[in-house]
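A.B. asks: Could you look at this predicted model? Sequence included:
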Amino acid sequence: MFKCPNCGYKESPIWRASPYVIYAVYCTQDELLALEPELYNQLKDLVKKEYREIGPYTYWLRGRLNHVYRILTELRSYSIGNQTEKPKNKHKAK
């Protein structure tokens, strides 16, 4: 569980590191309903292949069990699950 050293904010314990998508965390829809019902209500009509931005995060469904995945929107390019490092700048400085 994450706790901010500056403000003391504690993240919900339902979010687990994804073994498949670097920088992403996930939980089940049942866990989300039980511990973060307001967020669940914002995401309950989400369908696969759809992304939804809420605050600094992007959410989507993944897997047979429709796990809810979350990633910082600035890192969304990693959400497809086959990228393992930061994209390189293709233009070299002269």
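C.D. replies: Arrived safely. Residues are numbered from 1 along each chain as shown.
A.B. asks: Could you count how many residues lie near the closest residue to Phe2 other than its chain neighbours?
C.D. replies: With sequence-adjacent residues excluded and distances taken as C-beta to C-beta, 6 or more residues apart in numbering, Phe2 is closest to Glu11, at 4.0 Å. For the C-beta atoms, the positions are set from N, CA and C on the backbone; glycine is no exception. Using other C-beta atoms under 10 Å, Glu11 has 11 other residues around it.
A.B. asks: wait, Glu11 sits on Leu35?
C.D. replies: No - Glu11 is beyond contact range of Leu35, at 10.8 Å (criterion: C-beta atoms under 8 Å).
A.B. asks: in the chain, which spans are helices?
C.D. replies: Taking DSSP state H, the helices of the chain run over residues 29-35, 37-43.
A.B. asks: Name the stretch among these that sits most buried.
C.D. replies: Mean neighbours per residue, mean count of other C-beta atoms under 10 Å, is largest over the helices of the chain for helix 29-35, with a mean of 16.
A.B. asks: roughly how far is that one from the heart of the chain?
C.D. replies: Offset of helix 29-35 from its chain centre (C-alpha atoms, centre = their mean, to the nearest Å): 15 Å.
A.B. asks: what helices or strands is it leaning on?
C.D. replies: Contacts defined by 3 or more C-beta pairs under 8 Å, 6 or more residues apart in numbering; DSSP states H and E place helix 29-35 against helix 37-43, strand 67-72.
A.B. asks: distance of the residue nearest to Phe2 from Asp30?
C.D. replies: 18 Å (C-beta to C-beta, to the nearest Å).
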